[in-house]
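Trainee: For reference, the sequence and a predicted model appear below.
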Amino acid sequence: AKPLLEPGQTVAEAFTRQARSCVDQVRANEAAVLDGRDPEGVHQMRVGLRRLRALVTVYKSVFAAEPYRYLRTELRWLQQQLGPAREWDVFRAETLAPLRNRLPSEDSLELLETEADGLQREGYEQARTAVTDPRTAELLLRLELWLAEGGWRASSVPGQDDQGDQPVEPFARATLAKR
């Protein structure tokens, strides 16, 4: 479920609630990525990562510099590791399958399907490797810790300005107007 902003929430509370939803979406799809039989697992994990990357960008002004840099780098890395599996899923479903239906007797499509199968398997192997990589475990654990303790916030760094305790309504209005 996508979390809604509530009246009276602070900027930090809104980010935390939304980020937890994204982390839940990523975690909920780990098993499907590892299993590799349901393309929706890779797709939904990437959606969760993309949502989280967008949140980090939107809330940049509330972030401490180090957590911001770390999350931008690591979330991008993980999303890229899942990319080939998703791209081959889409190619096979949206390009190759319609071609096969339209040209059922075209022999050259068999070779193309064989190549696509191999590349899709490689993409899924890369995705499985990334999901089980200690780098991913560290990313998710650090993120969970930051969300629980507030260590992602600029207020955790002495002398750094923090908007996190301000009401979310003006922040949301300004963000929507800007974008």
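Mentor: Structure received. Numbering: from 1, shown residues only.
Trainee: going forward, measure contacts and count neighbours with C-alpha atoms only.
Mentor: Fine.
Trainee: Check the secondary structure at the most centrally placed residue in the chain for me.
Mentor: Most central in the chain under Cα atoms, centre = their mean is residue 49, positioned 0.5 Å from the mean C-alpha point. Classification of residue 49 using DSSP: H, G, I helix; E, B strand; the rest coil returns helix.
Trainee: In contact with it, which residues are there?
Mentor: 22, 23, 26, 75, 78, 79 (Cα atoms under 8 Å, 6 or more residues apart in numbering).
Trainee: phi, psi of the residue of the chain positioned farthest from its centre?
Mentor: Using Cα atoms, centre = their mean, the residue of the chain lying farthest from its centre is residue 105. It sits 40.1 Å away. Per-residue torsions, residue 105: phi -100, psi 10 (degrees, to the nearest 10).
Trainee: how near is it to residue 99?
Mentor: 10 Å (Cα to Cα, to the nearest Å).
Trainee: Equivalent analysis for residue 141, please.
Mentor: 44 Å.
Trainee: what does residue 72 give?
Mentor: 38 Å.
Trainee: cool, residue 63 as well?
Mentor: 48 Å.
Trainee: what does residue 13 give?
Mentor: Taken as Cα to Cα, the span from residue 13 to residue 99 is 49 Å.
Trainee: When these two are compared, which one has more neighbours?
Mentor: residue 13 (20 against 14; other Cα atoms under 10 Å).
Trainee: Quick one: residues contacting that one.
Mentor: Counting by Cα under 8 Å, 6+ apart, residue 13 touches residue 164.
Trainee: which SS class is it?
Mentor: Residue 13 ends up helix, using three-state DSSP.
Trainee: For it, give its distance to residue 148.
Mentor: Look at residue 13 and residue 148: by Cα to Cα, they are 11 Å apart.
Trainee: Quick check: chain neighbours aside, which residue is closest to residue 17?
Mentor: Closest residue in space to residue 17, ignoring its immediate chain neighbours: residue 3 at 6.6 Å, by Cα to Cα, 6 or more residues apart in numbering.
Trainee: Fine, thanks again, bye for now.
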